Structure formats: C-alpha cells, structure tokens
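Visitor: task: produce atomic coordinates for the following.
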Amino acid sequence: MLKYIRTHATSWIIKVGLFFIIIVFAFYFGFGGIKGRHEGMVAEVNGQFISRKDFNEEYQKLLASYRDRFKDRLSDEMIRSLGLKQQALEGLINKILLYQEALRMNLRVSPEELGRSIRSFPLFQVNGKFNRERYLRIIGFHRMDPEDFEQMQEQHFLIDKLSNLIMQNAGTVSEVEAREAYFMENEKVNLEYIKIGPAVFLEKSGPTPTEVKEYFSSHRESFRIPEKVNLQYMVFRPKEYGDKVDIPEEEIKAYYEVNIDDFVIEEQVKARHILIKVTPDADPEKVGEARKKTEEILARAKKGEDFASLAEQYSEGPTAKKGGDLGYFPRGRMVKEFEDAAFSLKPGEISPVVRTQFGFHIINLEDIRQERTQSLDEVRKSIESTLRDQESRDLAERNAEEAFYALYKGGEMERVAEEYHLSVKETGSFSRGESIKEIPPSDEMTSVAFSLKEGEVSPPVEIATNFYILRLTEKQEPRLPELEEVRDKVEKELREKKAGEKAESAAEELLAEVKGGKPMEEAATSKGLKVEETGFFKRRTNYIPTVGFLEGLVEAISPLDAENPYPDRALKSGKDWVVIRFKKMERPDMKQFESERQSWEQRLRYMKGEDGFRRWLTALRGRSKIEIIGDVL
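Guide: Numbering: from 1, shown residues only. A predicted model of the protein is given here:
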C-alpha cells in the first residue's frame, strides 16, 4: 500500500478534495520505520529519519501555498529570505517530535473519539449523515482498508490532542488585557514625511582608484567567483504522453462522485445598479447631498423610467456606459451591504437606497439562477481532460524513473535518451541563482545540480510539470577573483554605498534642522525636496501604503505625539531614508470593542496558547537528539 501511494502520490484520487487524508499521510509516512542511515536521508530525530523525498514534498507543498498567496510577486529572493526550506524541514522535525512525545506521555485516542472524527468528515457523508458505503469506497480508492486509514487518523489525533493540551494550559485573558490589545491594534496615526534617496548623490559619489583598491581588498570575499556547474539533461514532458493515455468511463464516474461538490454552481443573481459616489469619511453635508440625489433617481425608477437609461445618465460607477449592468454574480463577489440587498430582491424589484464604502446604490434585480449541481454529461470533457493530464504526468514520471534506473546501471545517456525518443541537451556553465535557457527557475533543480559529483546522474527532478534527469559534466570550484575581473562591479557597489551614506547624512542633518525649530516645509524646499503625508494607518505596523516598509517604524513612532513629534533618527525604507513628523492620532472606537470583546479575548487566549506551545516545543527540541544530514538547506 505504501508503494502504491508513493508511486501515485500526485494522482487525482489522492489530491482531490481529501485535505484531511493528505494531512494524515504527512504524519503517517513521516513516522515510517526507517531505522538505518543511508543516502537520501536529510535529518535524524531521536533515531527516526526524514527522507529527502519527504522533505522535497513538504517543501513543494509549502512553496505552492506561498505561490498561491503571493502569485507573481513571489521571487527567488523572497523564497530565500522567507527560509521556506528551513520551514519545511523544521515542520517535519516538529511533527515527529510531537508524535514521539504523545506516545511517551501515554496519550490515547479512544475508539469513540476516533469514530466521531471519521463520521464527521463531510466527504464520508450523504445528506449530512455518515455513509459507510461511501467511506469504504473513498478509502478503497487509496488501496487502503479501514484499519490502515484509522491508524493514520489516530496518529493525527494524538498530535492534535497533545498540541491542544499544551495550548490550553497557557493561561487566561482578562478584559483589561483584551481592551489594551484592541486599543493598540486599532490606534491610527497620520505622519508627514520627507524622503531622501541616494540617486541624487550617485553622480558625485564616484570612487577614486585608491578607494576602489582598498574597498576590494577589504571586501574581496563578497566578490568571490561562485561555484559553477555544467549539465547534460533530458526532459520527459507529460503533454507528449497524452495520446498514450486511455481514461476508463468508471474512473470518470468515480472522479465525479468523489468531487461532486466541485460541480455545484452557486445561486447567482443578475442585476443593474446606479452608484452615486461618496467616501466613507465625507462630511455630513456631502453625504446628505449624495443621498438626496440618489433618492431622487430612485423615485424616477420606481415610477417606471427605464433603469438602464437612468444608469447611463447618472451612475458614477464603471458600468454606467453599460446601463449599470453587472451581469450574473454569486455571493461573496460584492461588498456585504450590496450583496445582502441584491439577494433579498425578486426579479423586477428595485432596492431602496443602499450605502456601501463606495457610496449610495440603487439595485435593479433582473434574474435569479438557482443553485444546481452540474450533471456528469456537462462536466465529462473537463473531468476527462483533468484525468488525462494527471495520467500523462504519471506516465512521464514512470518513464523518467525507468530511464534513471537504466542510467544508474551504467547506460549511456545518449543511448537511453534515444530509446525514449528524446535528445540530450546541455545547460552551459551556470552558478546558483543564474537563469538557464530552456529550464524554468527551480530551487530544487539548483540544489540537486550542485550536489552531484562529476559524471553522476540525478533521479528525476520535477520542474514546472516536466521531469528532468541531470548529469554533471563539469564543476568549477569557487575562487577569489583579481580586481580587474570584477572592477566594474566593485566601482558600482562602492559608488552606491557612498551615495547611500550621503543620503543618510542628509536625512540626519534635515532631522536635526526640524528638531531645532525650522519648519518642515521650509527645510524640505531648501533642499529641493517635498513634504508628503501618509494618511491614517495603524500604528502597530512597519508598513505604510504610501511609503513602503520602514525599518524600526513601530518603535520609532511609539512615543511620538503633538509635543514630541520627531523620532530620534531618520528611518530607512529600502535604499531611501525618510524623516517623519507626527501630525495627528486617531483613537479607536472603544464602543466597538464591546461588541468584539469575546473575539478579542479568544484571540489573545490563542496567542498566549501559541506562545506557550512554542516555548514548550523549544524545550522539547533542546532535550532531543536532532541531526541535519548533509547540505539539505
């Protein structure tokens, strides 16, 4: 059963909708009885080992979650700064430690607890009730019997039980603590600021030959020529296996049944609207004028005037030219006030005036599409395409593994490639972080490439849906350069450093001037700079939307007020320096706290629990034997 799961770890029946099973797998396989150290192990935890395969899978899952969150903004630099590999390894180590400790403390999961847990999974239910036939069918897809699955679930439960036990003993939260936390979280401040960048100083920051030589001499290590490698590789592309895959009808039906919730089309409404804009913080007079205008338009619509024409004439929203047409939309698409009003109407009805953060709206509901589940015939092609893609991927992976085995036994790369109708390509020399033509960026590929010995072949590496087999043909060791090899780079870095120092000095001089009594506007104008305003933002953050991240902002502005408006030093934002001045504070609405008090107390209890759990886990790690094997990070 384990062999099947490992072989088909990416097939639809394992991935699709079974988050709880995936979590259990992570725990269960992580605690497999690997007793002896051998190649492919990345860590040892009290005598139990973590394989490189498990580590890579954990890292890829973590990386996928961050990519889903940050989209195209997740750069290689961000990945390195977030320490995702470290996070993945630490997470696996912690799971093993928790499971070991739960066993040591003799924690148990009763049959009743286990049964309730399994019966509560929505995926095992029909019409809200546990269905044993469905349960057996789903776990059967995994080549498991109930004993296997229940053992996995028991392990998952033990870790949860231990974690909850530790967190629940972390202490209580008083109303005073909750009130203080609410105040600190919601207090806002408005600042004036002057930004000074190094760009204006670059031209006059050119280094002398002597400065370049001295800088290079004292920083030579930072200009080290990095290790470089050259690879041969062949690629197994799943898209090239699509015509070799046959999808049986029963598998399409099984996919449809297991993922039936994915084929539910939510209730949708079709509406038009008229928007008269007014900002949330507009003064009462402007709000009154906007409301009066909206009510006059509403009266005309109620009398029978064409709603689309009124929208074209008066609406201030982006759909005005289309007669206010919003098309069909489900719940969750619009802001709550608008959504509640729209979904309360019947076709043909016109809403009263609705206030949102954008202004005042009038809504005309035209049609309702009731929630329904798409039939198998409607989604058959989509399911078949999904399954074909996944089966093609599995076939490409199997062929890559077979090819690797042939190479491992001593086969020549060109001959093996020919057997699979592939060609052998070459990367050319590259260093870590350097892009490679025809191969997408991949931390895993880089890690594998630089861990190979000359002539050694890697197992298949998955990069952007394709599988690569790599062979190291040449490795150039890192070395310290001579000045002439990197002179341009040294001069550029030194010029930027000197310009940055001048920008910092200028910011500190400007801060001294305004603290000495010189008006901020006058001080900025005399240096060709301008005073800008942040607008109100929450005080407990280092990020200002109009400025960016400022190092040490929270600590710097914490003591500021009208009598003490300037911090002790200028603040750094990227390469720029910023001089700030306190302008105004906005206190939170403590009446709102009363309605949120319970949630704040719950939040603080959770935070205390997390803090207590972290301290307990740190102590547990301190008395455990943990060894990182090789250069995994």
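
Visitor: which stretches in the stretch 201-350 of the chain count as helices?
Guide: Assigned by DSSP state H, counting those that start in this stretch, the helices in the stretch 201-350 of the chain fall at 209-218, 249-258, 284-302, 307-314, 336-343.

Visitor: which other helices and strands contact the second one?
Guide: With contacts defined as 3 or more Cβ pairs under 8 Å, 6 or more residues apart in numbering; DSSP states H and E, the packing partners of helix 249-258 are helix 12-15, helix 132-141, helix 376-408. (Each C-beta comes from the backbone N, C-alpha and C, glycine too.)

Visitor: report the buried residues of it.
Guide: Residues of helix 249-258 classed as buried: Glu251, Ile252, Ala254, Tyr255, Tyr256, Val258 (neighbour count, 16 or more other Cβ atoms under 10 Å).

Visitor: save those residues as JSON lines, and put in pLDDT and distance to Pro122 too.
Guide: Below are the buried residues of helix 249-258 laid out as JSON lines (pLDDT from 0 to 100; distance: Cβ to Cβ, whole Å):
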{"residue": "Glu251", "pLDDT": "90", "distance to Pro122": "23"}
{"residue": "Ile252", "pLDDT": "92", "distance to Pro122": "23"}
{"residue": "Ala254", "pLDDT": "89", "distance to Pro122": "18"}
{"residue": "Tyr255", "pLDDT": "89", "distance to Pro122": "18"}
{"residue": "Tyr256", "pLDDT": "91", "distance to Pro122": "17"}
{"residue": "Val258", "pLDDT": "84", "distance to Pro122": "12"}
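
Visitor: just to be sure, Glu44 is in a strand?
Guide: Yes - assigned with DSSP: H, G, I helix; E, B strand; the rest coil, Glu44 falls within a strand.

Visitor: picking up where we left off before, any chance of the helices and strands packed on helix 249-258 in a markdown table with mean neighbour count, mean pLDDT and distance to Glu266 as columns?
Guide: A markdown table is the format used below for the helices and strands packed on helix 249-258 (neighbours: other Cβ atoms under 10 Å; pLDDT from 0 to 100; distance: least, Cβ to Cβ, whole Å):
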| stretch | mean neighbour count | mean pLDDT | distance to Glu266 |
| --- | --- | --- | --- |
| helix 12-15 | 18 | 35 | 23 |
| helix 132-141 | 15 | 81 | 23 |
| helix 376-408 | 17 | 93 | 15 |
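
Visitor: closest one to Gly517 among those?
Guide: Gly517 lies closest to helix 12-15 among those, at 66.0 Å (Cβ to Cβ).

Visitor: follow-up on the earlier one: between the helices and strands packed on helix 249-258, which one is closest to Ala299.
Guide: Closest among these, using Cβ to Cβ: helix 376-408, at 44.2 Å.

Visitor: just how off-centre is the helix or strand just after the closest one within its chain?
Guide: Remark: after helix 376-408, the chain's next helix or strand is helix 413-419, criterion DSSP states H and E. The chain centre lies 40 Å from the centre of helix 413-419; the measure is Cα atoms, centre = their mean, to the nearest Å.

Visitor: can you say which of the helices and strands packed on helix 249-258 is nearest to Pro441?
Guide: Nearest to Pro441, of these and by Cβ to Cβ, is helix 376-408 at 20.0 Å.

Visitor: report the angle between the closest one and helix 249-258.
Guide: Interaxial angle, helix 376-408 versus helix 249-258 (axes from the mean of the first three to the mean of the last three Cα atoms, to 10 degrees): 110 degrees.

Visitor: could you say what helices and strands helix 376-408 packs with?
Guide: helix 12-15, strand 228-236, helix 249-258, helix 413-419, strand 466-476.

Visitor: of the ones you listed, which is nearest Arg495?
Guide: Evaluated over the helices and strands packed on helix 376-408, closeness to Arg495 peaks at strand 228-236, with 27.3 Å, by Cβ to Cβ.
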